[in-house]
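>>> I would like to see how this sequence folds:
(2 chains)
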Amino acid sequence: NAGVTQTPKFQVLKTGQSMTLQCAQDMNHNSMYWYRQDPGMGLRLIYYSASEGTTDKGEVPNGYNVSRLNKREFSLRLESAAPSQTSVYFCASREPPGQAWHFGNGTRLTVT
Amino acid sequence: GDSVTQMEGPVTLSEEAFLTINCTYTATGYPSLFWYVQYPGEGLQLLLKATKADDKGSNKGFEATYRKETTSFHLEKGSVQVSDSAVYFCALSDLIQGAQKLVFGQGTRLTINP
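As a prediction, this is how the structure comes out:
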C-alpha cells in the first residue's frame, strides 16, 4: 500500500539547472497537489490538478511548471533553478468525499 | 481569503505535561479542519479532522473541537510523551476559486523532554 510516492528524496542543483520532481499515487484520486515547505511559513500551494488533463496555479507558481501525465502521476518541473527555490517539496492527493489529503515523504531540494 | 493562524513555537514541555496548541482560522466558506503532524525527516501525517461545527476529532490521545463561534480548532493532549516531539500543522480545506484546497498554518514545533 504505497500511497503517494515522491522521487527523488534529495537533490542538489546549481543555479540555472533544471530538474523534474516526480509524484505518483495509487489510490485512484482525481485531485493532486504540489506544496513547498519553508521554515516559519507552513506549506504553500504551488500548483494543483483537480482532475486528469487539468492543472491550475496555486499561491506561489512562479518558476515552476507541472504536468498531469495521467491519473496517477503529477510532476513538477523547475526550468531554471534559483536559490529561492531551496525548499522541501511535498506532493499530495485528495480523497473525496472526506477530503483527507495524503502526502508523500517530500523532496529536499538545495539550489546553490 | 482563507487563512490559518497557529500559536507560535517552539513549544517545550516536560513529559506528562498538558498540551494546548492554539489554532484560529478565517474562511469564506464552511471549511473542514485538520491537524497534521510531521515527525523529524518524514512527511505529513493526518492526526485528526473535523468536518462540521462542534465535531470533535481525536487520535492517539490528541483532541480538537471545531468551534465555529470562535473560529478555532485548538489541539490538546492530557499527558504528552517524548514520542510526541514533532511539528504540528493546523489546516483548513475549503472551496477556493472553484477548487478544493488545503490551507496551512505556519506550524508549531513541539519538543518533549523526559
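>>> how near is the closest residue to A:K57 other than its chain neighbours to B:T12?
Excluding its sequence neighbours, the residue lying closest to A:K57 (Cβ to Cβ, 6 or more residues apart in numbering or on different chains) is A:Y47, at 6.1 Å. Any C-beta I mention is one placed from the backbone N, CA and C, and that applies to glycine too. Counting by Cβ to Cβ, to the nearest Å, the gap between A:Y47 and B:T12 amounts to 36 Å.
>>> If you count surrounding residues, which of the two has more?
Neighbours of A:Y47 and B:T12, each counted by other Cβ atoms under 10 Å in any protein chain shown, are more numerous for A:Y47; the result is 22 against 12.
>>> Identify, by residue count, the longest strand of the chain.
Answering for chain A, as no chain was given. Across chain A, the longest stretch assigned as strand under DSSP state E is strand A:87-95.
>>> wrong one, I was asking about chain B
For chain B, the strand that runs over the most residues, judged by DSSP E, is strand B:86-96.
>>> Now do that strand: distance to the chain's middle.
7 Å (Cα atoms, centre = their mean, to the nearest Å).
>>> neighbours around the closest residue to B:K56 other than its chain neighbours, how many?
In space, and not counting its chain neighbours, B:K56 is closest to B:T65: 4.7 Å by Cβ to Cβ, 6+ apart. B:T65: 17 surrounding residues under other Cβ under 10 Å.
>>> so who does B:T65 touch?
By Cβ atoms under 8 Å, 6 or more residues apart in numbering or on different chains, B:T65 lies in contact with B:A50, B:D54, B:D55, B:K56, B:G57, B:F73, B:H74.
>>> Likewise for B:V103?
Contact partners of B:V103, counting by Cβ under 8 Å, 6+ apart, are A:L45, B:D2, B:S3, B:V4, B:A91, B:L92, B:S93, B:D94, B:I96.
>>> quick one, strands of the chain?
Using chain A. Using DSSP E, the strands found in chain A span residues A:4-7, A:10-13, A:19-25, A:31-37, A:43-49, A:56-57, A:64-68, A:74-78, A:87-95, A:100-103, A:107-111.
>>> actually chain B
If DSSP E is used as the criterion, the strands of chain B fall at B:3-6, B:11-14, B:19-21, B:23-26, B:32-38, B:44-50, B:56-59, B:62-65, B:75-77, B:86-96, B:99-104, B:108-113.
>>> Tell me which of those is the most buried.
Between the strands of chain B, the one whose residues have the most neighbours on average, counting mean count of other Cβ atoms under 10 Å in any protein chain shown, is strand B:32-38 (a mean of 24).
>>> Relative to that one, what are the paired strands and their orientations?
Looking at strand B:32-38 with DSSP bridges, its paired strands and their directions are strand B:44-50 (antiparallel), strand B:86-96 (antiparallel).
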